[in-house]
Structures are given as C-alpha cells and as structure tokens.
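>>> Sharing a model that was predicted from the sequence below.
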Amino acid sequence: MPLWLIPLPYVAFGIIVGLVFPRIEYAYAPAFSHDVSVGSAQAYLSAVASGMITLTSIVFSVMFVMVQMTTAEYSKRLVMLFAGHPLGLHALGVFSATFMSALGTLQFVDWHQNGKVPALTVEFVTLLLLLSMVLLGLLIQRIALLRITYILQFVGNKGRSVIAEMLPPVSEQLTTEMRALRQEAEAVQRHAPVQRVLYDGVPLAIAKFRIDEYVKLAQSVGGTIVLYCAVGDTIAQGTELLAVYASNAEIPEASLLRGIVFSPERTFEQDPKYPLRLLVDTAIMALSPAVNDPTTAVQAIDQIQDLLNRLGRRVLDAGYVRDAQGALRLVYPMPTWEEYLALAFDEIRLYGATTLQVLRRMRSALLDLSGSLPDRERIASVGKYVDHLAAMVEQSDLDQIDRALALRADPQGLGHTRPPRV
C-alpha cells in the first residue's frame, strides 16, 4: 500500500466522529449531557482544533529539518528508512483525526440552541488528543534515533540478521559438500542451455530470489536453473537473467521471472553486501572535505569489522540448492571473501589515505580478523590486505613520523595504540 494512503482512514474516522457520533448521541441518549457549560465546551473544542493543526505543522516541519540536517552524516540511501517510516504517517493521521473530530463536534454543542453538550463525543475527542500526545512522544524518540551511533548500530544489526539467515556456519562437512556442488554446477554449465531469459524493462535492482519457487520449477522439468545476476544488482534492458540447463521441457518465461523480486532500490533481504555498502558510504562521506569527521568513519569500521568477522565464519559459496531428492536445481552467484574484504575497506582506504585515525583503526580491524578467523585462506587474504595497506602508507604524502604512527594498530583510531604483534 502506498504510504500516502495511511492517513486517509484516520481522517475519515475523524469526520465520522465529528459529524455522526453527536447525532447518534442526541438521538439515542438525549438525556445524557456533559456537566460543563456550553461556553466551556466550545472553548475546549476550539482549542483542540486550532492547537492540533498548529502542532501538526510545527512537528512535521521540525522533523523534515532534522532529517535533512542529520542525513548529511550518513548515506542518502538510509533517508527513506526513517523519513518514510509509517510511524510519521500514522501520527499525521491521528493528528488530523483529532482536528476533524474536534471541529465537527464543535458545531453540535448547543445544537439548535438546546443548551446541551454531546458528552460521549467530547470524551472521545479527549481520547484522540491523548493518543496524539503519545504519538508525539514516539516521533520525538524516533528523531533521537537519527543520531549517527544509532544509525550505524541499526545497519549493523540488519547485516548480522541477514548473515545469520543466509549463510550457514563453516564446517568441514559443509565445505566439502559445497565444493562438490560447485563442481556439479560447472559440469552442468558445460552444455548448451535449453532456455535463456533476458530482462525487458526499466533499470531495477534485484531485491531477492524466490528460491523455493525456482527449485520447484526446475524439479518439474528435471533441469537446473542458473541465475547470472546477484541480489543487489541493478538490471538494465537486455541483461541475461538466467538460463535453464538439462531440462526436458521449457518453463514459461513468466514463471521464471516471478522468481525474481525487483525493486527501485536495494534492500537488506538476502543481501549481506548491502549493510557493508551503507556503512562504507557513511564512512567515506564522513571523510569528505565537506564533512571532515573521521571519528564517524572509525565508528563505521567498528561495525564493518564485526560483520566481516561473522562473514569469515560462514560458508560464503552457498548459492547452490538441491531438491528433496538431492538433485542440484538452482545456482545463484554469491560474493567471495576477497570481494567482501574489498567492499569493506577499499574505498575507506583510498578516501582516508592521509587520515591517521582511519588508517590505524583499519589496521587494528584487519589484525583482529587475521587473529580470529578459523580459515587459513581467508587469513592469508587479510594478511595480503594488511601488506597492501602498509605499502600505501609508505607511499603516501605523510611525513616519516606520521607514517610510523599510521602503521600502528589502534582500536580507537587515536588514543590506544597496541603493541606490535610478534
């Protein structure tokens, strides 16, 4: 449902409360009236109506300004996760419902000069006013979550969740199985495909794959579906999406396309790379001359290190799916450890090439990874990256003293230098 539709039911409800409830109350409970005077009730409802419309304009103006100011610190791709959150639109709906109900009830006070106040409707308006105050508090709390520390924690939590969901822990048995599946997939793709599917449409990002549906489709024709595009890729006209191998019949193209969920922008679902991408974007934005905030970059590296540590303990080459009978039915691309490492650090390394705080924190993160990962090949890749980082520092414009400082590991960036490891 489009987000702009969320406030409409609230507005309709407010109109019903203001125009229908008083009529029902006068018709079926004519003897029941409020103890307050007509003048007091009119003043109360007038204050609620005028106050709510003023509150609504002030609150949302402040929200937009706060979002604009705070999002200068992190990736623009995170803006809609907060600015477009349903809470704000629900609050707008309740504020509008309170305004409409108060305004509508006001005309039924001393209706036809009967000297009465619709008591139940006025109390209902009061309940809506209290609900508006609760939502105002929640909105203020949500604005507080726009602080950079909470944003980075939020992105990190998303990454930890998708890693745990998508990638199984490393084990000798699973590693052997994945190696066998990779060889089987390579053997399947040596033959000509029975069917190919190209993309026809405007550029869109792949949000996720419907894996179970693809397994069922491949099983129905006795073949294997190989996806050529990864989750997070933006697909343009004519891009080859997938191919079907070793099948005894063609699968309807519409059914194959339904297995891919497209979106105008990338999502966290099934995409461990996206949280890293957002954290890196935040770090390099903080390192730009316009912002010049290396401490934010260090905080982003804190989360990046944790995600890489978790990725390093998972089976990354997990894009192979068997059916219940053990036959390979689906193959889709997954990033390698080296690609995750490059995504996490390359841009930060280049943009922070002369920033001591960032260089020292990166070195600390890499050394911690090399000391904690269980896989020797991944440790070797981290070691190569440490050497690359050191070579870059040696060739940088820093003077000799600063180069020596930049080659020290510091988990705080500056302030807690660790002794060199033997």
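The structure has been received and is ready for your questions.

>>> tell me the mean pLDDT for stretch 318-331?
Confidence for stretch 318-331, expressed as mean pLDDT, is 92.

>>> Equivalent analysis for stretch 258-267, please.
The model assigns stretch 258-267 a mean pLDDT of 91.

>>> quick one: low-confidence ranges for this structure?
1-3, 32-34, 66-76, 78-84, 418-422 (pLDDT under 70).

>>> Quick one: the strands in it, in order.
Secondary structure of the chain (DSSP state E): strands at 195-198, 204-209, 224-227, 234-235, 240-245, 260-263, 320-322, 328-331.

>>> Indicate which one of the ones you listed is closest to residue 156.
strand 204-209 (20.5 Å; C-beta to C-beta). Where C-beta positions appear, they are placed from N, C-alpha and C, glycine not excepted.

>>> one step back: could you dump the strands of the chain into TSV with mean neighbour count and distance to residue 377 added?
As requested, the strands of the chain are exported to TSV (neighbours: other C-beta atoms under 10 Å; distance: least, C-beta to C-beta, whole Å):
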stretch	mean neighbour count	distance to residue 377
strand 195-198	16	34
strand 204-209	20	27
strand 224-227	24	25
strand 234-235	17	31
strand 240-245	20	29
strand 260-263	17	32
strand 320-322	17	19
strand 328-331	24	22
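
>>> could I get those strands as a markdown table with distance to residue 401?
Below are those laid out as a markdown table (distance: least, C-beta to C-beta, whole Å):
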| stretch | distance to residue 401 |
| --- | --- |
| strand 195-198 | 58 |
| strand 204-209 | 46 |
| strand 224-227 | 52 |
| strand 234-235 | 45 |
| strand 240-245 | 54 |
| strand 260-263 | 50 |
| strand 320-322 | 52 |
| strand 328-331 | 53 |
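
>>> Contacts only, for the residue nearest the centre of the chain.
The chain has residue 268 as the residue nearest its centroid, 5.3 Å off, counting by C-alpha atoms, centre = their mean. Shown in contact with residue 268 (C-beta atoms under 8 Å, 6 or more residues apart in numbering): 158, 159, 161, 162, 274, 275.

>>> Ok, residue 175 next?
Contacts of residue 175 by C-beta under 8 Å, 6+ apart are residue 315.

>>> who wins for most neighbours among the contacts of residue 268?
Neighbour counts for those peak at residue 159, which has 27 neighbours (criterion: other C-beta atoms under 10 Å).

>>> Nearest residue to that residue in space, please, no chain neighbours.
residue 275 (3.1 Å; C-beta to C-beta, 6 or more residues apart in numbering).

>>> again, but for residue 191
residue 245 (6.2 Å).

>>> Tell me how far the one you found lies from residue 238.
Taking C-beta to C-beta, to the nearest Å as the measure, residue 245 falls 21 Å from residue 238.

>>> Where is the longest helix in this protein?
helix 38-70 (DSSP state H).

>>> State the phi and psi torsions of residue 237.
Recorded main-chain torsions at residue 237 are phi -50, psi 130, according to degrees, to the nearest 10.
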